[in-house]
Every structure is written in structure tokens, then in C-alpha cells.
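Novice: pasting a predicted model and its sequence here:
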Amino acid sequence: MKNLNLPASLLCSLSGTAVVLPLLSSCSAQKKAEAKPYNIVYIMTDDHTAQMMSCYDQRYIETPNLDRIAADGVRFTNSFVANSLSGPSRACMITGKHSHANGFTDNTTCVFDGSQQTMPKLLQQAGYQTAIVGKWHLESLPTGFDYWEILPGQGDYYNPRFITMQNDTVAEKGYLTNLITDKSIDWMENQRDKDKPFCLFIHHKAIHRNWLPELKYLSLYEDKTFSMPDNFYDDYEGRPAAAAQEMSIWKDMDIMYDTKMYRKDLKSPLKGAYEAYVGRLTPEERAQYDAFYAPIIEEFYKKNPQGRDLAEWKYQRYMRDYAKVVKSLDDNVGRVLDYLEAQGLLDNTLVVYTSDQGFYMGEHGWFDKRFMYEESMRTPLVMRLPKDFQTRGDIPQMVQNIDYAPTFLDLAGAPIPDDIQGVSLLPLLRGEKPADWRKSLYYHFYEYPAEHMVKRHYGVRTERYKLIHFYNDIDEWELYDLQEDPTEMHNLYGQPGYEQVTEDLRAELKKLQAQYQDPIEEKLQAEKAQKK
Ligand code: SGN
Ligand code: CA
């Protein structure tokens with residue numbers, strides 16, 4: 001099921017249906033003579049979930065510029081990551097390989113081996129200029145980029161620091177989402193070699209914790225009451241790993257750091273981290289920030305909500321802050337689209353918008369991600385296609401972040417090395433419906449024990465079912481019927497009537513682990529044998 005690996009110039013579109021021509025016909029020859037290589041603008045945000053993007057979900061907020069990408073192009077309705085965490089997701093994306101194969105399995109212990117094969121390096125070999133601006137999060141410095149300017153670690157929202165190619169850390173004035181966009185546009189306009197095709201990664205910190213809004217949007221959404229998901233008060237029955245997490249809005253969200261109810265005279269575990277982040281504001285900015293929060297803080301401590309009142313109060317503050325941060329992001333995506341349009345670049349550029357993973361907006365009572373459950377395994381994915389791609393609307397096939405590398409290489413007409421584990425999405429972008437498209441996805445999360453305490457797990461997802469194995473200090477299996485139970489509240493593993501489904505999924509899981517060469521099952525068997 002590898003891509004067809006033919007340059008775009010070998011394809012000719014006949015009445016909206018893409019047809020592959022075995023030899024250069026006069027049509028493709030003519031196109032080849034005219035064809036300019038495509039550019040790629042890859043915009044990736046951090047922790048932006050499809051629930052908070054109106055082209056996916058109309059319940060909460062409007063995202064007109066993100067929706068513009070989908071309206072003019074395509075929306076993937078089954079887009080997933082291989083490991084729902086920032087560093088690992090980014091490593092999957094640039095290598096086209098699962099975490100065990102690219103070596104970056106978690107944020108806490110890994111340093112990306114930048115000497116390995118990556119998509120940006122292969123694009124450079126194909127004659128592309130490559131650049132990345134924004135969050136990098138892979139510990140080692142970027143390789144394979146002609147230009148880079150990255151954030152130290154998670155980065156700062158206010159008056160942020162950037163690491164330059166000289167390895168200097170430089171603080172800048174402004175709001176991070178705007179600055180990343182300014183720098184990206186500046187690279188396209190003033191710094192790149194305009195005779196070469198380019199691939200630019202615009203990697204935002206938005207909408208990562210602790211959701212600090214641009215000051216001009218502090219008051220936005222303050223009148224809005226967000227509806228709560230039905231499973232906000234999930235009791236995790238039959239799901240011990242879900243019960244053991246520490247990412248509950250009610251119990252784990254920090255009152256100062258996350259909900260900004262700062263008081264000098266009180267304590268909270270993340271008070272110092274909060275002070276450091278808002279301490280980056282200038283005195284004038286801080287005065288504006290404090291003036292907004294002062295009455296909310298006063299009212300909060302006066303009412304002193306407890307129990308479910310506190311949980312629901314926190315949920316509203318969380319939703320509002322997150323929505324405000326999305327607003328600046330949406331504005332800035334609009335700026336990039338406008339720039340490309342004004343420069344006449346849009347027709348020749350693939351614009352991709354995605355996130356490093358999904359996020360919980362109160363589902364199961366949570367914030368954060370990590371789990372293989374739907375909200376965090378999914379990630380938004382919309383694309384605006386170059387002019388000669390006629391495909392529009394929804395693409396329902398299951399795709400994963402390991403597919404971006406082969407897709408971009410394919411679009412560039414570059415060969416896709418055999419060890420890349422993802423598959424090119426180009427056939428889907430051409431409107432084809434490949435009969436042999438993948439029927440299942442593999443997932444593996446490793447970062448445990450760690451912040452939020454989500455246990456290690458791996459699993460398989462098919463169109464209808466999901467089988468998960470939580471391991472390490474636990475040995476628990478979970479089975480979900482996504483058609484009957486889309487919010488994954490009923491673990492069916494071991495229940496009568498599901499023997500065949502379980503057996504089939506186990507076989508599929510084994511097949512995927514063999515295909516991708518993930519040695520985890522053998523490792524666990526060996527550990528078990530040793531214990532006996
Ligand atoms: C930080 C956050 C966590 C978050 C991780 C990973 N804590 O450590 O809430 O899960 O990043 O996020 S914070 O106190 O520093 O805000 S990731 O998207 O980078 O993987
Ligand atoms: Ca993230």
C-alpha cells in the first residue's frame with residue numbers, strides 16, 4: 001500500500017477524476033513543462049482539539065479562518081496520532097515512523113537523534129528550502145532545516161524567548177502566536193530563496209497549558225457559558241487506568257496556574273510557575289491583566305465554591321481561556337492565508353493545519369491528552385490543496401501523523417524510502433478511493449510514571465472497535481465498540497459475546513506490531529517469564 005510515487009506531472013485530471021497515466025502522454029508532458037514544484041506550509045498547533053474548531057464541532061466556538069482551509073479544501077474526518085504527546089508526535093511527523101522506530105518515545109527522557117533520516121532532510125535533497133518557526137520540543141537542535149527559530153522547551157506566551165540558529169536565546173516583545181506568524185511571513189517574504197520551492201513549518205505553542213490569552217482578548221467569551229460534556233462526572237468503572245490519572249479538571253487543575261485565581265497570601269502547588277509566566281508581562285501589560293482578573297478573583301474567594309460547584313466553575317474558566325487562545329491562533333492562520341493569497345502563492349501551495357494531538361475539553365472530567373481514547377488520539381487535519389487538485393469536502397479514510405512525511409515527499413516528487421512507516425495521502429487528495437487503504441491504526445503511549453500519571457499502553461483502532469492494553473505496573477485490557485459507545489464509557493473486554501471481536505482485534509494488533517516491528521509484546525513476555 002505504498003504510494004504510487006509518481007510526480008504530480010504524471011497525473012492528469014479528467015472531469016474531476018484523477019487518472020494515472022502509465023506513460024507520459026501529451027497532456028502530462030505539457031503539464032510537466034509548465035509545472036512549478038509545490039510549496040508546503042505546515043501549520044501545527046499544540047493541544048488543539050477538534051471539539052474547539054467549528055468546522056468539526058459547532059457546540060463551542062467559531063474558527064472562521066481554520067474553517068476557510070476546510071471550506072476551500074478538504075477535511076479529514078478520521079485523523080489520528082500514533083502517540084498523544086508533543087515530542088513523540090513531532091518525531092513521528094518528521095520521520096514518518098512510530099515512536100519506537102524514531103527513538104523519541106516520551107517528553108521526559110528522550111533526546112531526538114537528529115542524525116537520522118527525516119522528511120525535511122529528504123525535501124532538501126529534492127531541492128526544497130526548509131524552515132521551522134516555533135515549538136520544536138525535541139531537545140536536540142533542529143537538523144535538516146535551512147532556517148530555524150525555535151522556542152526553548154514549551155515556550156512562553158508573553159514577551160517570549162526564541163532560540164536562533166546561532167544558538168542564542170533572545171527575548172522578544174509581543175504575544176507568541178503573533179510573533180511566530182510575523183517570523184514565518186518574514187521568512188517567506190524576505191529570507192528564502194524565491195527560486196526554490198519551500199516547506200515551512202509554523203509550529204505554535206497555542207493552545208498549550210496554561211492557556212494565557214492575548215491581552216486584547218481577555219474579555220472575550222466572558223459572557224458565554226459552555227455546555228458540559230455528558231460524561232464530565234465519569235466514575236471510571238471497569239477502567240482502572242482511567243481512574244488512576246491525574247488530569248481531572250476538578251481535582252488536578254491548579255487554582256492559580258490554570259484558572260489564574262492568584263493571591264500573594266495563599267499557596268498553590270504551581271504558584272511559582274504561574275508567577276514566572278505572567279512575570280514576563282511589562283508593568284503596563286501586567287496592570288491590564290490584573291485589572292481584568294481582580295474582580296473575578298475577588299468574587300471567587302468570596303463565594304469559595306466547593307465540590308461540584310468548584311468543578312463546574314473551573315470548567316467554565318478553562319473553556320473560556322482555551323477559547324481565547326484559539327481566537328488569536330485563528331486570526332494568525334488568517335494572516336498566513338492572506339499573505340499567500342496576496343503573493344500569488346496559494347494556488348501552488350499545500351496548506352496543512354493540524355495539531356500535535358487532540359485534548360479533553362471536560363470529557364471524562366479531564367484536561368490534557370495521552371490516552372488512546374478518542375478525544376486525544378484524534379487530531380484535527382484540514383488542508384487547502386494546490387489549484388490542480390480538484391478534491392473538496394470530507395476524506396473519511398483513517399490517517400495518522402506518520403503519513404505527513406511520505407505525503408510531503410510524494411507531493412515534492414521525491415522518492416519515499418522503504419523504511420518510512422506512514423503512507424502518502426496523495427491518492428486521497430487526488431480523490432481516489434484506494435481499495436487497499438489501511439483498516440486499522442496502531443498506537444503506543446510510553447510516558448509513565450510522569451505528570452498526569454497516564455499508564456503506558458498500546459492498542460489497535462479499527463473503524464468500529466478499539467482494543468487497548470495498559471501495561472507496566474498494571475495488566476489491563478479494554479475493548480470499546482465505538483459505534484455503540486462513542487464516548488468510551490463501557491469496557492467490553494472479557495464480556496460474553498465479544499470473544500470473536502476480541503480475538504480478531506488481538507490478531508490485528510499482533511499484525512501491526514509485526515509490521516511496524518514494535519518489540520513490546522516480546523518484552524512483556526520476557527519480563528513475565530523472568531518473574532515466574
Ligand atoms: C507540561 C504541562 C502538562 C502537559 C505536558 C506535555 N504541565 O508539562 O500539563 O501534559 O507539558 O504537553 S505545565 O505545568 O508545564 O503546564 S505536551 O503537549 O508538550 O506534550
Ligand atoms: Ca501537545
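Specialist: Done, it's in. Numbers count the residues shown, from 1 in each chain. Ligands and ions are numbered 1, 2, ... in the order given.

Novice: can we go C-alpha only for contacts and neighbour counts from here?
Specialist: Fine.

Novice: now do the contacts for whichever residue of the chain sits closest to ligand 1.
Specialist: The nearest approach of the chain to ligand 1 comes at residue 86, 3.5 Å away (CA to the nearest ligand atom). Listed by CA atoms under 8 Å, 6 or more residues apart in numbering, the contact partners of residue 86 are 46, 107, 137, 356-357.

Novice: quick check on these: which are buried?
Specialist: 46, 107, 137, 356-357 (16 or more other CA atoms under 10 Å).

Novice: run through those residues and flag the ones next to ligand 1.
Specialist: Among those, proximity to ligand 1 is found for residue 46 (CA under 6 Å from any ligand atom).

Novice: near ligand 2, list only the ones from the buried ones among the contacts of residue 86.
Specialist: When contact is defined as CA under 5 Å from the ion, the buried ones among the contacts of residue 86 meet ligand 2 at residue 46.

Novice: okay if I get the buried ones among the contacts of residue 86 as a markdown table plus secondary structure, distance to residue 295 and pLDDT?
Specialist: Listed next are the buried ones among the contacts of residue 86 as a markdown table, based on DSSP: H, G, I helix; E, B strand; the rest coil; distance: CA to CA, whole Å; pLDDT from 0 to 100:
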| residue | secondary structure | distance to residue 295 | pLDDT |
| --- | --- | --- | --- |
| 46 | coil | 30 | 98 |
| 107 | coil | 37 | 97 |
| 137 | coil | 36 | 97 |
| 356 | coil | 35 | 98 |
| 357 | coil | 35 | 98 |
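
Novice: ok, so of the buried ones among the contacts of residue 86, who is nearest residue 82?
Specialist: residue 357 (9.1 Å; CA to CA).

Novice: quick check: phi and psi at the closest one.
Specialist: Main-chain dihedrals, residue 357, degrees, to the nearest 10: phi -180, psi 180.

Novice: strands of the stretch 51-200 of the chain, residue ranges please.
Specialist: 74-76, 79-80, 129-134, 147-150, 161-163, 169-171, 198-203 (DSSP state E, counting those that start in this stretch).

Novice: and the pLDDT for the residue of the chain closest to ligand 1?
Specialist: Looking at residue 86, its pLDDT stands at 98.

Novice: measure it to residue 151 for me?
Specialist: For residue 86, the distance to residue 151 (CA to CA, to the nearest Å) stands at 13 Å.

Novice: likewise for residue 517?
Specialist: 33 Å.

Novice: out of the two, which sits in the more crowded spot?
Specialist: Between residue 517 and residue 151, counting by other CA atoms under 10 Å, residue 151 is the more crowded of the two (24 against 13).

Novice: count of neighbours near residue 308?
Specialist: 11.

Novice: scratch that, residue 118 is what I was asking about
Specialist: 21.

Novice: same question for residue 303.
Specialist: 9.

Novice: contacting residues for it?
Specialist: Residue 303 touches nothing, counting by CA under 8 Å, 6+ apart.

Novice: for ligand 2, see how far away it is.
Specialist: Here residue 303 is placed at a distance of 34 Å from ligand 2 (CA to the ion, to the nearest Å).

Novice: and the protein, which of its residues are near ligand 2?
Specialist: 46-47, 86.

Novice: and stretch 459-475, how far apart are its ends?
Specialist: Stretch 459-475: ends 13 Å apart by CA to CA.

Novice: and it, how far out from the chain middle?
Specialist: 21 Å (CA atoms, centre = their mean, to the nearest Å).

Novice: pLDDT value on residue 248, please?
Specialist: The model's pLDDT for residue 248 equals 98.

Novice: over to residue 35?
Specialist: The model's pLDDT for residue 35 equals 75.

Novice: again, but for residue 532
Specialist: With respect to pLDDT, residue 532 has a value of 81.

Novice: residue 28 now?
Specialist: 49.

Novice: mind listing the strands for the stretch 401-532 of the chain?
Specialist: So, for the stretch 401-532 of the chain - with DSSP E, counting those that start in this stretch - the strands run 440-445, 457-462, 465-470, 476-481.

Novice: what angle separates the third one from strand 440-445?
Specialist: Okay, so that is strand 465-470. Per axes from the mean of the first three to the mean of the last three CA atoms, to 10 degrees, the angle that strand 465-470 makes with strand 440-445 is 20 degrees.

Novice: swap in the last one?
Specialist: Computed with the same axes, to 10 degrees, the direction of strand 476-481 lies at 140 degrees from that of strand 440-445.

Novice: relative to strand 457-462, how tilted is strand 476-481?
Specialist: Using the same axes, to 10 degrees: strand 476-481 against strand 457-462 is 20 degrees.

Novice: how far does strand 476-481 sit from its chain's centre?
Specialist: Using CA atoms, centre = their mean, the offset of strand 476-481 from its chain centre is 24 Å.

Novice: buried stuff in the helix or strand where residue 312 lies?
Specialist: Taking DSSP states H and E as the definition, residue 312 sits inside helix 307-342. Across helix 307-342, burial judged by 16+ other CA under 10 Å covers 310-337, 339-340.

Novice: do stretch 341-354 as well
Specialist: For stretch 341-354, by 16+ other CA under 10 Å, it's 345-354.

Novice: contacts for it, please.
Specialist: So stretch 341-354 is in contact with 36-45, 66, 69, 337, 340, 379-387, going by CA under 8 Å, 6+ apart.

Novice: do the same with stretch 93-111
Specialist: Counting by CA under 8 Å, 6+ apart, 82-83, 85-88, 91-92, 112-113, 117-120, 138-140, 401-406, 420-422, 444-447, 516-518 sit against stretch 93-111.

Novice: touching, residue 439 and residue 465? I think so.
Specialist: No - in this structure residue 439 lies outside contact range of residue 465 using CA atoms under 8 Å: 11.0 Å.

Novice: show me the buried residues of stretch 341-354 that map onto strands.
Specialist: With DSSP state E as the criterion, strands contain 349-354 from among the buried residues of stretch 341-354.

Novice: nearest to ligand 2: which residue in the stretch 201-350 of the chain?
Specialist: Nearest residue of the stretch 201-350 of the chain to ligand 2, counting by CA to the ion: residue 208, 6.4 Å away.

Novice: run a quick neighbour tally on that residue.
Specialist: Applying other CA under 10 Å, I find that residue 208 has 20 neighbouring residues.

Novice: check which helix or strand it maps to.
Specialist: Short version: residue 208 belongs to no helix or strand, going by DSSP H and E.

Novice: contacts only, for it.
Specialist: 46-48.

Novice: quick check: it vs residue 365, distance?
Specialist: Residue 208 is 18 Å from residue 365, by CA to CA.

Novice: I'd like the strands of the stretch 401-532 of the chain as JSON lines, with mean pLDDT appended.
Specialist: As requested, the strands of the stretch 401-532 of the chain are arranged in JSON lines below (pLDDT from 0 to 100):
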{"stretch": "strand 440-445", "mean pLDDT": "99"}
{"stretch": "strand 457-462", "mean pLDDT": "98"}
{"stretch": "strand 465-470", "mean pLDDT": "98"}
{"stretch": "strand 476-481", "mean pLDDT": "98"}
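
Novice: could you report the neighbour count for residue 491?
Specialist: 18.

Novice: ok, it touching residue 478?
Specialist: Yes - using CA under 8 Å, residue 491 is in contact with residue 478, at 5.4 Å.

Novice: ok, and the closest non-adjacent residue to residue 224?
Specialist: Spatially, and ignoring its direct neighbours in sequence, residue 224 is nearest to residue 320 (7.9 Å; CA to CA, 6 or more residues apart in numbering).

Novice: nice, that's everything, thank you.
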